[in-house]
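Participant: Make a model of this:
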Amino acid sequence: MFYKIGAGLYALWGVLHLLAAVEGYRLASTVDAGAVQGRLMQNAWNIGFFALVAIAVAVTMNWHNSATGYWINLAAVSAADIGFILFVLLPGHIALWPGVLGPVVWILAVVFSTIGFTMARAV
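Facilitator: Numbering: from 1, shown residues only. As a prediction, this is how the structure comes out:
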């Protein structure tokens, strides 16, 4: 059951980050055309892609406690959020709240999916 909570949290993380990707694209649209706008749009695309991967893996693999799904979302979502924490949140480029919401959901997803994954392997 823990792995299903983890799957739901990974899916929630994905939805939050789809919204972040849309906001990132909107921000990019306000910048003059050029390299900065292009990098902002690329960033929005990358966040959106990570979000779609997290959702797809959560509903097709983590929900069934797949070992492959466990490792895919652990790696992909961790990579996305560690970069966000290091380069956006910790330097204070955005407010701690609601900025910390994504990392909190990520950590909870890791905790619940890990508990579910290890409990199933121990039986």
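Participant: where in this protein is pLDDT low?
Facilitator: 123 (pLDDT under 70).
Participant: switch the cut-off to 90
Facilitator: For the chain, residues meeting the criterion pLDDT under 90 lie at 120-123.
Participant: longest helix anywhere in it?
Facilitator: What stands out as the longest helix in the chain, according to DSSP state H, is helix 2-29.
Participant: what angle sits between whichever helix or strand comes after that one and helix 2-29?
Facilitator: As assigned by DSSP states H and E, the chain's next helix or strand after helix 2-29 is helix 35-60. Following axes from the mean of the first three to the mean of the last three C-alpha atoms, to 10 degrees, one obtains 160 degrees for the angle between helix 35-60 and helix 2-29.
Participant: Okay, buried residues for helix 35-60 please.
Facilitator: Within helix 35-60, the residues that qualify as buried are 40-41, 43-44, 47-48, 50-51, 53-59, counting by 16 or more other C-beta atoms under 10 Å. To be clear about C-beta, it is placed using only N, CA and C from the backbone, and glycine gets the same treatment.
Participant: Same check on stretch 64-74?
Facilitator: Applying 16+ other C-beta under 10 Å to stretch 64-74 flags 65-66, 69-70, 72-74 as buried.
Participant: Kindly report the same for stretch 91-100.
Facilitator: For stretch 91-100, burial by neighbour count (16+ other C-beta under 10 Å) applies to residue 99.
Participant: Ok, stretch 18-29 next?
Facilitator: For stretch 18-29, by 16+ other C-beta under 10 Å, it's 18, 20-21, 24-25, 28.
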